[in-house]
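How does the following fold in three dimensions:
(2 chains)
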Protein chains: 2
Amino acid sequence: MLLICRRETRAYSLWRRTIIPIASQGHLIKPSIMHLRFSLNVNKHSTCTTGSLYYLLIVGSSSLSFRSHTCGELRPADVGKEVTLCGWVQYLRQDLFVIMRDFSGLAQILIPQDEAKIDLKTALCDLPPESVIRVKGTVRLRPDGQENKMPTGEIEVLAESVEILNVCRKLPFEIKDFVKKSESLRMQYRYLDLRSSQMQYNLRLRSQLVMKMREYLCNVHGFVDVETPTLFKRTPGGAKEFVVPSREPGRFYSLPQSPQQFKQLLMVAGIDRYFQLARCYRDEGSKPDRQPEFTQVDIEMSFVDQAGIRGLIEGLVQYSWPVEKGPVSTPFPCITYEKAMKDYGVDKPDTRFAMKLMDISKTFHNTEIEFLKDALNQPGGCIQAICIPDGAVRMPIKPSIFFLVKADGALKSPLNRLMPASAKQQLLQMAQARPGDLLLISAGTQECRPLLGKLRLQCAELLEGSGVAVRDPSAFHFLWVVDFPLFLPKEEDPDQLESAHHPFTAPLPEDAHLLYSLPHKVRGQHYDLVLNGCEIGGGSIRIHKASDQQHVLETILKEDPSLLSHLLEALDSGAPPHGGIALGLDRFLSIIVGAPSIRDVIAFPKSFRGHDLMSRAPDFVSEDELKSYHISVNWPAGDDGNQEK
Amino acid sequence: MLLICRRETRAYSLWRRTIIPIASQGHLIKPSIMHLRFSLNVNKHSTCTTGSLYYLLIVGSSSLSFRSHTCGELRPADVGKEVTLCGWVQYLRQDLFVIMRDFSGLAQILIPQDEAKIDLKTALCDLPPESVIRVKGTVRLRPDGQENKMPTGEIEVLAESVEILNVCRKLPFEIKDFVKKSESLRMQYRYLDLRSSQMQYNLRLRSQLVMKMREYLCNVHGFVDVETPTLFKRTPGGAKEFVVPSREPGRFYSLPQSPQQFKQLLMVAGIDRYFQLARCYRDEGSKPDRQPEFTQVDIEMSFVDQAGIRGLIEGLVQYSWPVEKGPVSTPFPCITYEKAMKDYGVDKPDTRFAMKLMDISKTFHNTEIEFLKDALNQPGGCIQAICIPDGAVRMPIKPSIFFLVKADGALKSPLNRLMPASAKQQLLQMAQARPGDLLLISAGTQECRPLLGKLRLQCAELLEGSGVAVRDPSAFHFLWVVDFPLFLPKEEDPDQLESAHHPFTAPLPEDAHLLYSLPHKVRGQHYDLVLNGCEIGGGSIRIHKASDQQHVLETILKEDPSLLSHLLEALDSGAPPHGGIALGLDRFLSIIVGAPSIRDVIAFPKSFRGHDLMSRAPDFVSEDELKSYHISVNWPAGDDGNQEK
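This is a model prediction of the structure:
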């Protein structure tokens, strides 16, 4: 795009609604190699006056480039223009047309058929697909009846000259969206896989979304983008942290799982509002759909409460949300951890569909059914149910305890004859069950809820598999989950407490007094952001007083506070009240674009075993190269490593 | 700042000239927790009409916060406003005033003196400096004669209530800009050091500059921000790369020194325009003012030539340049490597001052001075000189070969009596030397130039040390250096060639034919960006044909091309012509802010030995924790590591 601007004006580019200040603070901004003097009107659309100094600015996707336009942008309005295009040969058609591609789309190039340019024609017709060419030519309308529905389907470019910039000699698979490739082939030739329109869309959307997030945080709310170190000290017991040997014997850096300590220290430092698109590291072996390195939108603010952080994030999501994905309304719904567990059996409920858990204990108050009676008699005993709409008809599974609601409203169940009619009636009413529905019940303590919660999700999948629309695939349901317990009993020793999230979370103000008396009853100022049943972010208001932090570490968690002495010292040096959040960018993006894996929103991901299949990392390093790090490899018995090299 | 906006209009915030689209693409953007309905005119400055839906937006540095204003922003125009401030106690004055600080500046709080609020007064007067408080009060003008020249020096805030948010109990040094701290104390208590106004300025400027760079690249020129992996494969012989052990015996990742391979692969992938603020790693032990991790502005473009990249970077610098540092004019001057060596004896000349090298061989054409004659008689022999203005008067040093130009224009030199008058006259003329100047000469081959180049810089420092203004400390001289040799003789074996920069740089088109015949004569399409004598960036147009790349690796550099087989394969799969650049962000910023070290523009830098003095990283890791990585530590003789733990 060309912009012609008078000195000391502001030019408004139509391109992506960007405003380019041509003259800012008295000095000129010329984002282009080309700045020309004009002494008269140069364009009928400009408001140039004679005698002034004008600048010709080239901005947008074709600035500073060999090309004048991108392949995908040409339209009937461009007819008659001399254009230069650069891109890849998608395919040849009838020895007459080259279909040419760049990131923006396809253009049809008409190969000149006259005798004088026969060499050009020969060269083009011999050219393998995916070769790189530069075409100069003129845009014209396609002849009647030859238009198609591509965005550029009404025009074509009559080539005057074509230059072959590079010949494609090797191609393990065709670059066509419909050609299915194995995951390992895609990873090995990632640079070809990224040419697909879906991967181009995913990476470009990621860039744009991140840019909008930065604008919102930096320009709208005055956040400071601060980079924190990734070569850090190992967290005691941080089993998931990669180590990095230093040149001092026995000393290692560690790649941190998050900048948690640094973001809090930045608040103590008076940075006031910090954010960072932070690279984080987690060595988890081969968990499905995890990556050893990932990116989080890391945020921390001083002098803020939960509502402030939640409002900030709601605005952030709304501001950066891709227009084509429809509107997002705020504020996001917010439920407590307790309610989430009660209604959905999980702390990250998928609220795109109902099928909530119901407590139907009352129905079986006087039951004669032995195992239900036993369940109800134990402390905290209850009977829970979910009602699967149309489940009686559609569900292929038949669990052991179920009620089919028959067409006539009667119940069919192994328990049927053990229940009085009144109880059945009450059950149907409580569950608001209609004919064709399936009721699944579970009896036990509170712990039967997570089981039903999982069953709820599996039923949704099964129903969808059988063609029932349970969840709208284009819907995005955001949800805050709050008021988590601050501490949970340790699995290996239930008398001991451990942090539900991390030891820096502050208690709810109304529970703060319990910290010193009944810590297991304390709820924390932690909040999780859930999207379509996935946790995409979490954060908290932090403890900002050293004495409270020391009490939590030493007395409640029985940890050695000296390991965090620098943080405790910092809190004692005038720490402001502060809180923050981290959003998992890869997961968030994969949900937005509907990708099955976070690998589809990362340019060069690792395989699920943590391998880079293109360059073959991790790889062997010679003992000699390890010497300066004072380490050596412990080869497993019978394996000296040589045969694998 | 409050913004009141009607639905479906665009609101123009005055705050940092940001434009906040209130309604974008039909859905509402509310970057705030507060959105209120108004049914009548609410503000005399607004153009609200009755009956519409209005939104109250809070943006800027006090949005979503406990405070209504920042300490540093209050002015006489705010008199009468009820405000809430949050910040640190800088100091108390006369038991009457609290001087309160946040990142934006200082505000004077008048402590209420009435009997009813005696508790408040007592609490405040006992409060240690750097404690954190929240103050509610009313802005008023200071009484006549009590104003000062601080930005908020005309007003004060009469406190109605004060809340103590945290008491500062521990402070290793006072937070006052004039208090000098040792470097190690600053690093150990970095969270306090960052409270200084200089460090606040440096980090905030860094954030703003980076934001502007992103706007320019992403919004103006359509670049795509792509994150590349930092867990990668080790470069063969990459002695400066940190290794990261994986859970597979003997296999290591490596932390890359730059995303060079990935950026080129992204061009092959059709990303077209890539940028990234890339974290890079270099294990150099303890070189002065280097960091084991650093950040570069990493850029790559397809279908571009040298002029395109240079124009892009000139625009980038201009667009992101801090207003308060004065204008930057473009295009930047550009000289060849050959000319830089000839005029300055170095490939990154400081062009803020002249004192250029001169070839004065002619003067000594017929000299009788033995060692000069010998020098001139050897192949490539020459005699070089620099003229130090006022050097005869000011320079404390007296090198062995010098000419003082005396007040009467006569020369004083150990060589004096060996030179005929005509030669002296010619020398003075060639050097344009004036009385008081000092001429330093060096005789030998071309290699005497780098020596004189260093002498030139040292003389500038010495002159400045004695009070002569040689370089304007507020001047910023950008310079492109181009046409570097593509290959240089290896130091250890001058018959062998090695890449002057890296093996991916393309030859100059006019030298390309020499690649297969006289490779040592080939100049590369490499360009360095120099600012005030420091190299702040470098890049090149890359080789995009696999056959050329293979030839360079295999035939010229004698390297094993199989180690880069994935890159060679990629070039054979339709690689577009491409080129790029990387700017060293830390160095660039340190020059802009005039910092003595890059540590002053990094939030949490390592010491020159690579240590984090705050958390004490790197640290010892137990043998047990290393087990899963199949490595063990080789303790030096007599050191089993235990005593150091």
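
hey, where'd the strands end up in the stretch 351-500 of chain A?
Ranges of strands within the stretch 351-500 of chain A are A:358-359, A:382-388, A:402-405, A:411-412, A:438-444, A:478-482, A:487-489, A:497-499, based on DSSP state E, counting those that start in this stretch.

Tell me the spacing between the residue in the stretch 201-350 of chain A that chain B sits nearest to and B:Ser590.
Closest residue of the stretch 201-350 of chain A to chain B, C-beta to the nearest C-beta: A:Gly311 (3.0 Å). C-beta here means a position set from N, CA and C on the backbone, and glycine is covered the same way. Distance of A:Gly311 to B:Ser590, computed by C-beta to C-beta, to the nearest Å: 37 Å.

what about A:Glu160, distance to A:Ile109?
The value you get for A:Glu160 to A:Ile109, if C-beta to C-beta is used, is 11 Å.

Of the two, which one has the most company?
Ranked by neighbour count (other C-beta atoms under 10 Å in any protein chain shown), A:Glu160 and A:Ile109 place A:Ile109 first, with 24 against 14.

okay, and the common contacts of A:Glu160 and A:Ile109?
Here A:Glu160 and A:Ile109 share the contacting residues A:Gly137, scored by C-beta atoms under 8 Å, 6 or more residues apart in numbering or on different chains.

what ranges do the strands span in the stretch 51-200 of chain A?
Assigned by DSSP E, counting those that start in this stretch, the stretch 51-200 of chain A shows strands spanning A:54-58, A:82-93, A:97-102, A:105-110, A:132-141, A:155-166.

Return the most buried member of these.
The highest average neighbour count among the strands of the stretch 51-200 of chain A, using mean count of other C-beta atoms under 10 Å in any protein chain shown, belongs to strand A:97-102 at a mean of 23.

From the rest of the structure, what touches that one?
Residues outside strand A:97-102 that contact it (C-beta under 8 Å, 6+ apart): A:70-72, A:85-93, A:106-111, A:124, A:133, A:135, A:156, A:159, A:162, B:270, B:272.

sorry, back to before: redo the strands of the stretch 51-200 of chain A as JSON lines? Include distance to B:Arg394.
Shown next, in JSON lines, are the strands of the stretch 51-200 of chain A (distance: least, C-beta to C-beta, whole Å):
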{"stretch": "strand A:54-58", "distance to B:Arg394": "45"}
{"stretch": "strand A:82-93", "distance to B:Arg394": "58"}
{"stretch": "strand A:97-102", "distance to B:Arg394": "61"}
{"stretch": "strand A:105-110", "distance to B:Arg394": "66"}
{"stretch": "strand A:132-141", "distance to B:Arg394": "59"}
{"stretch": "strand A:155-166", "distance to B:Arg394": "58"}
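
So which of these is nearest A:Ile441?
Among the strands of the stretch 51-200 of chain A, the nearest to A:Ile441 by C-beta to C-beta is strand A:105-110 (54.8 Å).

which residues touch the closest one?
Outside strand A:105-110, the residues within contact range by C-beta under 8 Å, 6+ apart are A:70-74, A:85, A:87, A:90, A:96-101, A:135, A:137, A:142, A:150-152, A:155-159, A:162.

then that strand to PDB, C-alphas only?
C-alpha atoms of strand A:105-110 as PDB (Å, rounded to 0.1, in the frame of the first residue of the first chain):
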ATOM      1  CA  GLY A 105      -3.700 -16.800  -1.100                       C
ATOM      2  CA  LEU A 106      -3.600 -17.800  -4.700                       C
ATOM      3  CA  ALA A 107      -3.400 -15.900  -8.000                       C
ATOM      4  CA  GLN A 108      -3.900 -17.300 -11.500                       C
ATOM      5  CA  ILE A 109      -1.100 -16.300 -13.900                       C
ATOM      6  CA  LEU A 110      -1.700 -16.600 -17.600                       C
END
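
In its sheet, which strands sit next to that strand, and in what direction?
Sheet pairing of strand A:105-110 (DSSP bridges) gives strand A:97-102 (antiparallel), strand A:155-166 (parallel).

Please convert the ones you listed to TSV, extending it with distance to A:Arg251 and mean pLDDT.
Shown next, in TSV, are the strands paired with strand A:105-110 (distance: least, C-beta to C-beta, whole Å; pLDDT from 0 to 100):
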stretch	distance to A:Arg251	mean pLDDT
strand A:97-102	50	97
strand A:155-166	48	95
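
how about stretch A:440-456 as CSV, C-alpha atoms only?
Provided in CSV are the C-alpha atoms of stretch A:440-456 (Å, rounded to 0.1, in the frame of the first residue of the first chain):
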residue,chain,number,x,y,z
LEU,A,440,-26.9,-42.4,36.1
ILE,A,441,-26.5,-42.6,39.8
SER,A,442,-23.5,-42.9,42.1
ALA,A,443,-23.6,-43.6,45.8
GLY,A,444,-20.8,-42.9,48.3
THR,A,445,-19.1,-40.0,50.0
GLN,A,446,-18.4,-36.6,48.3
GLU,A,447,-15.8,-38.4,46.3
CYS,A,448,-18.4,-39.8,44.0
ARG,A,449,-18.8,-36.4,42.5
PRO,A,450,-15.5,-36.4,40.5
LEU,A,451,-16.5,-39.8,39.1
LEU,A,452,-19.9,-38.5,37.9
GLY,A,453,-18.1,-35.4,36.6
LYS,A,454,-15.9,-37.5,34.4
LEU,A,455,-18.9,-39.6,33.3
ARG,A,456,-20.7,-36.4,32.4
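
Would you mind listing the buried residues in it?
Buried positions in stretch A:440-456, judged by neighbour count with 16 or more other C-beta atoms under 10 Å in any protein chain shown: A:440-444, A:448-449, A:452-453, A:455-456.

re earlier: return the member of the strands of the stretch 351-500 of chain A having the minimum mean pLDDT.
Note on these: lowest mean pLDDT is at strand A:402-405, with a mean of 78.

Where does the residue of the stretch 201-350 of chain A closest to chain B sit: helix, strand or coil?
Under DSSP: H, G, I helix; E, B strand; the rest coil, A:Gly311 falls in the helix class.

Look up how far B:Ser615 lies from A:Asp572.
Distance, A:Asp572 to B:Ser615, using C-beta to C-beta: 16 Å.

Of those two, which one has the most company?
Using other C-beta under 10 Å as the criterion, A:Asp572 and B:Ser615 rank with B:Ser615 on top: 23 against 20.

Ramachandran coordinates for the residue lying closest to A:Leu508 once chain neighbours are set aside?
Once flanking residues are discounted, A:Leu508 sits nearest to A:Arg523: 4.7 Å by C-beta to C-beta, 6 or more residues apart in numbering or on different chains. Backbone geometry at A:Arg523, expressed as degrees, to the nearest 10, gives phi -100, psi 150.

isn't A:Arg523 right up against A:Leu515?
No: with contact defined as C-beta atoms under 8 Å, A:Arg523 does not count as touching A:Leu515 (10.8 Å).

Mutual contacts of those two, please.
Residues touching both A:Arg523 and A:Leu515 (C-beta under 8 Å, 6+ apart) are A:Pro507.

how deep is the nearest residue in space to A:Ala460 that is not next to it in sequence tucked in, by neighbour count?
The shortest distance from A:Ala460 to any non-neighbouring residue, by C-beta to C-beta, 6+ apart, is to A:Val470 (4.7 Å). Number of residues near A:Val470 (other C-beta under 10 Å) recorded here: 18.

Report the beta-bridge partners for A:Cys280.
Beta-bridge pairing for A:Cys280 (DSSP bridges): A:Phe294.

was I right about it contacting A:Pro292?
No: contact between A:Cys280 and A:Pro292 fails when scored by C-beta under 8 Å: they sit 9.9 Å apart.

Compare neighbour counts for these two and give me the winner.
More neighbours surround A:Pro292 than the other of A:Cys280 and A:Pro292, with 25 against 20 (other C-beta under 10 Å).

any idea of the pLDDT on the more buried one?
With respect to pLDDT, A:Pro292 has a value of 96.

next one: A:Thr9
Looking at A:Thr9, its pLDDT is 33.

one step back: for the residue nearest to A:Ala460, list the residues it contacts.
Residues counted as contacts of A:Val470 (C-beta under 8 Å, 6+ apart) are A:352-353, A:460, A:463-464.

go with 7 Å
A:353, A:460, A:463-464 (C-beta atoms under 7 Å, 6 or more residues apart in numbering or on different chains).
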